[in-house]
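Novice: turn this into a model:
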Amino acid sequence: MRLCGQEASTRDVVALAIKGERELFFMDTLRREVLSQRVRQVRPSGIRKFFDIINTMPEVISLGVGEPDFVTPEHIRQAGINSIQQGHTSYTSNYGILALREEIAAMLQRRYGLSYDPKTQILVTVGVSEAVDLAMRTIIDPGDEVISPDPGYVAYEADIIFAGGVPVPVPTYARYDFAVRAAEIAAAITPRTKMILIGTPNNPTGAVIPKSELEGIARLAIEHDLIVAADEVYSRLVYDTEHVCIASLPGMQERTILMDGFSKAYAMTGWRVGYVAAAPHILEAMLKIHQYAIMCAGTAAQEAALEALRHGEPDVQAMHDEYARRRQMFVAGLNRLGLPCCEPRGAFYAFPYIGDTGMTEEEFAEKLLFEEKVAVVPGNAFGAAGTGYVRAAYCTAYDKLEEALVRIERFLKSHKA
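Specialist: Numbering: from 1, shown residues only. Alright, predicted model coming up:
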């Protein structure tokens with residue numbers, strides 16, 4: 001090696017290397033210091049890297065993406081097209097189109113016997129993801145604790161942290177079908193607890209919280225004067241059991257932030273339409289954030305959602321029944337292959353245990369992807385209690401699920417000790 005036209009000594013080379021490392025360290029530190037503490041505290045999504053890889057491998061059978069393989073029903077698509085063709089391209093009210101809010105209120109009355117004023121208690125959001133973020137930023141002050149089940153949807157922890165809160169994960173267990181129990185929530189409550197965040201049915205486990213446990217959670221919320229944020233985006237995809245809305249329990253409507261949407265039940269993920277139903281003083285505060293950050297959900301998407309509520313019930317039932325058929329076959333197949341899997345009661349996810357394979361969940365997912373072209377998500381992407389598990393979405397075609405089981409069986413045989 002030559003340095004400034006002369007032969008460099010070993011000492012020169014080492015000094016140059018150290019100088020380079022120091023410069024890199026300084027630049028990395030400088031970049032990090034530009035970022036807020038909250039952003040630095042949030043880890044990147046454990047799902048993202050698998051999606052990035054999947055997008056470069058068209059032959060992959062993806063059981064990783066939590067997205068229906070159904071296209072949005074034609075009459076709902078047409079309602080969105082008609083909205084654009086009719087020139088409905090302006091902002092709507094910050095609350096959302098009144099007709100849509102009225103339909104949401106009527107639906108909540110039919111399903112749960114809940115009465116919400118569509119003018120002051122319902123807000124149309126950009127998917128349930130925005131609704132969860134709004135709930136955290138509206139209620140949580142720095143240092144407030146938010147209890148939520150583990151495993152849980154990947155955005156929950158991040159939204160709590162972005163709001164300045166402290167996530168308090170409560171582990172759930174396969175022996176209880178991963179349903180969170182009131183007793184475990186009770187043990188996690190401290191003087192700093194301000195909210196309980198639940199997702200039922202649950203992503204990634206498919207767990208549905210039984211009514212008896214919801215009643216226990218409701219008693220805790222009332223006793224400790226807590227807010228409950230309930231993500232019910234999978235509420236229409238429940239099998240062999242009953243979906244109970246916690247807001248419908250005695251004393252809970254005024255302290256529940258109820259969040260639901262159109263993405264899963266109506267196969268409208270790309271339309272990005274959700275809603276919040278809450279007490280007027282809470283909703284008004286959520287609106288304050290929504291109007292500055294978002295303004296309103298897309299007009300055409302809202303009109304498509306209105307059509308979905310008015311005429312989409314047969315579509316919901318047809319997709320529900322097909323998911324139920326896939327669930328039965330796929331979960332039975334996983335258990336047959338020696339990957340123990342609870343019967344998911346809702347959503348469209350299986351959560352099999354892979355700990356007996358001798359691989360970590362990351363190793364299992366990566367090797368299965370590259371060796372057999374089947375994509376699943378490591379369970380610990382959804383929380384520490386997901387260690388030893390993977391999430392496999394059965395919202396893809398029946399024949400692809402059958403082929404995925406064939407490939408998984410071959411993979412397990414090739415790695416058998």
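Novice: and the pLDDT at Gly64?
Specialist: Predicted confidence (pLDDT) for Gly64: 87.
Novice: so it is in contact with Ala393, correct?
Specialist: Yes: taking C-beta atoms under 8 Å as the definition, Gly64 is a contact partner of Ala393 at 6.6 Å. From N, CA and C alone the C-beta is placed, and that goes for glycine too.
Novice: ok, now how distant is Lys194 from Ala230?
Specialist: Distance, Lys194 to Ala230, using C-beta to C-beta, to the nearest Å: 15 Å.
Novice: which one's more surrounded, those two?
Specialist: The neighbour count for Lys194 versus Ala230, taken as other C-beta atoms under 10 Å, is higher for Ala230 (24 against 18).
Novice: isn't there a helix covering that one?
Specialist: No: counting by DSSP: H, G, I helix; E, B strand; the rest coil, Ala230 is not part of a helix but strand.
Novice: now do the contacts for it.
Specialist: 198-200, 245-247, 256-259 (C-beta atoms under 8 Å, 6 or more residues apart in numbering).
Novice: select from those residues every entry located in strands.
Specialist: 198-199, 256-259 (DSSP state E).
Novice: tell me which two of these sit farthest apart.
Specialist: Longest distance between any two of these is 13.5 Å, between Gly199 and Thr256; criterion C-beta to C-beta.
Novice: if we can go back for a sec, from the contacts of Ala230, pick the one nearest Lys288.
Specialist: For the contacts of Ala230, the nearest to Lys288 is Ile257 (14.7 Å; C-beta to C-beta).
Novice: wait, that closest one touches Asp231, no?
Specialist: No: taking contacts as C-beta under 8 Å, Ile257 lies outside contact range of Asp231: 9.4 Å.
Novice: these two: who's more crowded?
Specialist: Ranked by neighbour count (other C-beta under 10 Å), Ile257 and Asp231 place Asp231 first, with 29 against 26.
Novice: burial of the nearest residue to that one once chain neighbours are set aside, as a residue count?
Specialist: Sequence neighbours aside, Gly199 is the residue nearest to Asp231 in space, at 4.2 Å (criterion: C-beta to C-beta, 6 or more residues apart in numbering). Other residues lying near Gly199 total 28 when counted by other C-beta under 10 Å.
Novice: what domains does the record give for this protein?
Specialist: If you go by automatic domain parsing, the domain ranges for the chain are 48-71+314-412, 90-311.
Novice: closest one to Val42 among those?
Specialist: domain 90-311 (4.7 Å).
Novice: how far does that closest one sit from the chain's center?
Specialist: How far domain 90-311 lies from its chain's middle: 11 Å, per C-alpha atoms, centre = their mean, to the nearest Å.
Novice: try stretch 394-402
Specialist: 21 Å.
Novice: what residues sit buried inside that stretch?
Specialist: 394-396, 400-401 (16 or more other C-beta atoms under 10 Å).
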